[in-house]
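In: Dropping the sequence and predicted coords here.
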Amino acid sequence: MSSLIVYYDEIGTKSGNRPYFEKRLVRNIREGCPSLRTASIRRLYGRIFIETSEDLDMAATSEHLARVAGISSFSLAQTVETSEEALNAAVDAIELPEEVRTFKVETRRSEKRFPLTSPEVNQRLGARLQARSGWEVNLSNPDFTFHVDISQQGTFIYSGKQKGLGGLPVGSNGKLVALMSGGLDSPVAAFKMFRRGCKVIFVHFHNYSADTRQVRDKVVALVAQLAKYQSTSKLYLVPFSTLQQALVTVVPPKARMVAYRRLMFQIAEEILEKESAKGFITGDSVGQVASQTLENLNVIYDATSYPIFSPLIGDDKNTIITIARQIGTYDISIKPYDDCCTFLVAKHPETKMRLQEALRYEERFDNEKYCTEALKETEVLEIG
Ligand code: ATP
Ligand code: MG
């Protein structure tokens with residue numbers, strides 16, 4: 001009989017609330033993958049087993065599992081009897097691919113009643129396979145690894161191992177609101193928080209008068225790509241143009257970028273509260289652009305009393321680009337667009353804004369009226 005055997009690492013460090021994380025992981029494995037909707041998925045100490053039936057779409061299932069946060073690796077495994085004879089027979093049945101020169105046997109043994117220790121199993125099966133294949137043992141970087149997992153629930157053998165995302169299951173650590181532009185950084189920031197177990201709600205501010213549907217389509221495409229990591233995603237599209245047109249009459253060009261960003265948080269606070277989210281995510285990285293100097297970030301982040309998480313804060317652009325490529329957002333993000341943050345701003349914005357100054361502009365502006373109006377016209381999409 002074959003099954004998919006799924007391993008996790010970080011959940012394993014949890015003690016009392018481990019079942020909570022495991023149950024969430026099982027739920028996330030099932031959701032977002034049509035061929036797993038009715039599959040039998042069992043939690044057995046330290047592992048999750050997915051029974052594979054004939055109609056299981058393996059390619060789609062693997063693609064899905066590779067995106068489920070919390071999984072460290074997964075493999076297609078065979079169940080064998082828990083005995084040395086059965087393991088010998090399994091070794092004798094291994095197909096010997098032409099291109100393989102080196103190998104190792106890797107055994108886990110949580111069933112302590114099995115008479116051989118893990119190193120003993122490695123040695124005996126290794127010697128047997130070596131005699132049959134002529135391959136050399138290489139423990140650090142073998143061409144082929146034969147895995148043996150001897151547990152109370154049975155003995156499983158497998159060779160291929162696919163790497164998972166690691167981290168913790170989405171939803172196990174609450175909800176956050178991500179401020180999403182159409183750029184490179186904010187999608188990567190949201191992805192990093194998926195891996196920490198956070199469910200993410202997306203909020204995008206648009207100035208369609210500057211650039212009609214192009215930005216909207218782009219943000220929808222980005223959220224759809226990210227939805228693959230949390231099955232479905234909610235996107236709030238907040239109109240920003242009326243508000244920006246009013247704001248530019250009271251804020252000088254050099255200070256507008258910071259003013260826009262402060263207002264975004266003030267509006268998004270209502271969405272956060274409605275969603276019972278616990279904080280914000282942004283794609284800020286210190287010094288990357290004028291709005292991200294330490295002085296300006298201080299003034300911007302002062303706009304809300306909710307915590308703001310910026311997981312890229314210490315990353316350089318190359319690191320961010322590498323992740324964007326891995327998660328499939330890079331090609332969407334690099335398409336040209338006008339972010340509403342650049343609406344009528346100075347070519348060289350202020351890089352050392354003072355809070356007093358930002359507050360002085362806001363006194364001349366009817367925040368509440370414009371925020372309420374913007375929220376009234378906000379569109380909410382369910383994507384994925
Ligand atoms: P990004 O690549 O994420 O667009 P950036 O380097 O272009 O970032 P900014 O334009 O200063 O930097 O934006 C910084 C952060 O502010 C973004 O990462 C995002 O969290 C938020 N933000 C900017 N524009 C918008 C927008 N139109 N709607 C929602 N959030 C935004
Ligand atoms: Mg941007």
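Out: Here it is on my side, so go on. Residues are numbered from 1 along each chain as shown. Ligands and ions are numbered 1, 2, ... in the order given.
In: right, and the helix or strand after the longest helix belonging to the chain?
Out: Longest among the helix segments of the chain by residue count, using DSSP state H, is helix 256-274. Using DSSP states H and E, the helix or strand that directly follows helix 256-274 along the chain is strand 280-281.
In: list the buried ones in the next helix or strand after that next one?
Out: Downstream of strand 280-281, the first helix or strand assigned by DSSP H and E is helix 294-301. For helix 294-301, the neighbour count (16 or more other CB atoms under 10 Å) marks 296-297, 299-301 as buried. C-beta: built from backbone N, CA, C; applies to glycine.
In: possible to save the residues you listed as TSV with distance to Lys274?
Out: TSV is the format used below for the buried residues of helix 294-301 (distance: CB to CB, whole Å):
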residue	distance to Lys274
Asn296	28
Leu297	26
Val299	26
Ile300	22
Tyr301	21
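In: Kindly indicate which of these lies nearest Leu179.
Out: Ile300 (10.6 Å; CB to CB).
In: Provide a list of residues in contact with that closest one.
Out: With contacts defined as CB atoms under 8 Å, 6 or more residues apart in numbering, Ile300 is in contact with 258, 261-262, 265, 291.
In: would you put the C-alpha positions of the longest helix of the chain in PDB?
Out: Taking C-alpha atoms only, helix 256-274 is exported to PDB below (Å, rounded to 0.1, in the frame of the first residue of the first chain):
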ATOM      1  CA  ARG A 256       2.800  64.100   0.500                       C
ATOM      2  CA  MET A 257       4.200  60.600   0.400                       C
ATOM      3  CA  VAL A 258       4.300  60.400   4.200                       C
ATOM      4  CA  ALA A 259       0.900  61.900   4.500                       C
ATOM      5  CA  TYR A 260      -0.600  59.300   2.100                       C
ATOM      6  CA  ARG A 261       0.900  56.500   4.000                       C
ATOM      7  CA  ARG A 262      -0.300  57.800   7.300                       C
ATOM      8  CA  LEU A 263      -3.800  58.000   5.900                       C
ATOM      9  CA  MET A 264      -3.600  54.500   4.600                       C
ATOM     10  CA  PHE A 265      -3.100  53.200   8.100                       C
ATOM     11  CA  GLN A 266      -5.900  55.400   9.500                       C
ATOM     12  CA  ILE A 267      -8.400  54.000   6.900                       C
ATOM     13  CA  ALA A 268      -7.100  50.400   7.200                       C
ATOM     14  CA  GLU A 269      -7.600  50.400  11.000                       C
ATOM     15  CA  GLU A 270     -11.300  50.000  10.400                       C
ATOM     16  CA  ILE A 271     -10.800  47.000   8.200                       C
ATOM     17  CA  LEU A 272      -8.400  45.500  10.700                       C
ATOM     18  CA  GLU A 273     -11.000  45.900  13.500                       C
ATOM     19  CA  LYS A 274     -13.800  44.500  11.300                       C
END
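In: Report the angle between it and helix 294-301.
Out: Here helix 256-274 runs at an angle of 40 degrees relative to helix 294-301 (axes from the mean of the first three to the mean of the last three CA atoms, to 10 degrees).
In: Centre of the chain to stretch 43-54, how far?
Out: 23 Å (CA atoms, centre = their mean, to the nearest Å).
In: Not counting its own residues, what contacts that stretch?
Out: Residues contacting stretch 43-54 (CB under 8 Å, 6+ apart): 2-8, 12, 19, 22-23, 25-26, 29, 36, 39-42, 58, 61, 76, 110, 149, 151-153.
In: Narrow those to those in strands?
Out: 2-7, 41-42, 76, 149, 151 (DSSP state E).
In: Check the residues you listed for the minimum pLDDT and say which it is.
Out: Within the set of the ones in strands among the contacts of stretch 43-54, pLDDT is lowest for Ser2 (77).
In: Excluding chain neighbours, what is closest to Lys352?
Out: Nearest residue to Lys352 in three dimensions, chain neighbours excluded: Glu295, at 4.4 Å (CB to CB, 6 or more residues apart in numbering).
In: The one you found against Glu357, yeah?
Out: No: Glu295 lies out of contact with Glu357 (CB atoms under 8 Å); the separation is 11.0 Å.
In: tell me the strands in the stretch 101-250 of the chain, going along the chain?
Out: 102-109, 136-137, 144-151, 154-158, 162-163, 175-179, 199-206, 233-239 (DSSP state E, counting those that start in this stretch).
In: By proximity to ligand 2, which residue of the stretch 201-350 of the chain wins?
Out: Asp339 (4.5 Å; CB to the ion).
In: got a list of what that residue touches?
Out: Contacts of Asp339 by CB under 8 Å, 6+ apart are 181-183, 215.
In: same check, this time on Ile308
Out: By CB under 8 Å, 6+ apart, Ile308 lies in contact with 265, 279-282, 301.
In: repeat that with 7 Å
Out: Contacts for Ile308 (CB atoms under 7 Å, 6 or more residues apart in numbering) come out as 279-280, 282, 301.
In: Residue of the stretch 251-384 of the chain closest to ligand 1, please.
Out: As assessed by CB to the nearest ligand atom, ligand 1 sits closest to Gly283 within the stretch 251-384 of the chain, at 2.6 Å.
In: what about that residue, neighbour count?
Out: Counted with other CB atoms under 10 Å, residues neighbouring Gly283 total 25.
In: again with Arg108
Out: Under the neighbour criterion other CB under 10 Å, Arg108 is assigned a count of 16.
In: and what of Gly174?
Out: For Gly174, using other CB under 10 Å, the count is 13.
In: Quick check on the spatially closest residue to it that is not a sequence neighbour: phi, psi?
Out: Leaving aside its chain neighbours, Gly174 sits nearest to Lys278 (5.0 Å; criterion: CB to CB, 6+ apart). Dihedral angles of Lys278 (phi, psi; degrees, to the nearest 10) stand at phi -110, psi 0.
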